[in-house]
Structure formats: structure tokens, C-alpha cells
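Q: Give me a model of this one.
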Amino acid sequence: MVTGLSCSTFDSASAFLNDDASPDIDCLITDVRMPGMSGLDMLEHMRATGSDLPVIVLTSVLDASARARALELGAQAWLTKPVADDALLDELRSAIGEDQWPDGPER
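A: Prediction:
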């Protein structure tokens with residue numbers, strides 16, 4: 001649990017896409033560079049199949065065209081590593097929505 005949030009991890013984009021529990025996920029945090037399918041390809045696949053799940057890209061990639069592609073595909077945010085905890089939590093809160101944000105320890 002992070003600030004009252006449940007977290008799940010996946011070994012790859014395909015593991016996430018093939019997981020039966022993924023409809024219960026409120027927000028996805030992904031990197032760009034991953035084994036197999038990239039985070040951007042996963043985001044494109046999600047949008048092509050009708051998913052409007054909020055996605056935050058957290059990466060060390062400093063590529064303006066990759067950032068533009070992610071945002072065009074509807075990524076909630078593009079954050080570069082290292083990222084401040086507050087910045088990530090602010091984006092999560094925005095993605096999940098204030099009404100769904102858990103009551104938990106304040107930051």
C-alpha cells in the first residue's frame with residue numbers, strides 16, 4: 001500500500017494486457033522501455049481496443065517525439081526519472097479522481 005493505494009506489478013506489457021484483473025485497475029504507471037512491447041505500443045494498443053484507463057508514463061527517456069506520442073495517445077502525464085514523490089502522487093490523484101482518492105495518511 002502506498003498512501004492507502006493498492007498496487008500490482010506486471011513483468012511486461014503483455015502480462016498486463018492478458019491479466020483478468022486489469023479491469024479493476026484505476027491507473028497504470030508504465031515505462032517506455034520494457035521487454036517485448038514498449039510502454040508506448042501498449043498505450044496505443046489500449047486506446048485502439050477502447051480503453052480509457054488513465055496512464056502515467058514514468059521514464060528516463062528524454063525523447064520529445066516519444067513524449068508527444070504518449071500525450072497524443074492520451075497519457076495522463078509524462079514524468080522523467082527521478083521523479084519527486086509529490087509529483088507522482090499529484091498525477092495519481094488527478095488520474096484517479098479526488099472522489100476515489102483513499103482516505104489515508106497525508107503526504
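Q: Tell me where this protein has strands.
A: Using DSSP state E, the strands of the chain run over 28-30, 55-59, 77-80.
Q: which regions of this protein sit below the pLDDT cut-off?
A: The model of the chain has pLDDT under 70 over residues 1-3, 21-22, 104-107.
Q: hmm, back to that, let me have the strands of the chain in JSON lines, adding mean neighbour count as columns.
A: Glycine gets a C-beta too; all of them are placed from N, C-alpha and C. Shown next, in JSON lines, are these (neighbours: other Cβ atoms under 10 Å):
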{"stretch": "strand 28-30", "mean neighbour count": "21"}
{"stretch": "strand 55-59", "mean neighbour count": "22"}
{"stretch": "strand 77-80", "mean neighbour count": "17"}
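Q: and those as CSV, adding distance to R93?
A: Below are those laid out as CSV (distance: least, Cβ to Cβ, whole Å):
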stretch, distance to R93
strand 28-30, 13
strand 55-59, 11
strand 77-80, 11
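Q: among those, which is nearest L92?
A: Nearest to L92, of all the strands of the chain, is strand 55-59, at 7.0 Å by Cβ to Cβ.
Q: Tell me which residue is most central in the protein.
A: I29 (2.3 Å; Cα atoms, centre = their mean).
Q: ok, it to S65 distance?
A: Using Cβ to Cβ, to the nearest Å, I29 is found at 21 Å from S65.
Q: swap in E44?
A: For E44, the distance to S65 - Cβ to Cβ - is 14 Å.
Q: Looking only at neighbour counts, state which of these two leads.
A: Between E44 and S65, counting by other Cβ atoms under 10 Å, E44 is the more crowded of the two (17 against 7).
Q: Could you pull up the residues touching that one?
A: L73 (Cβ atoms under 8 Å, 6 or more residues apart in numbering).
Q: What distance do you get for P23 to L53?
A: For P23, the distance to L53 - Cβ to Cβ - is 9 Å.
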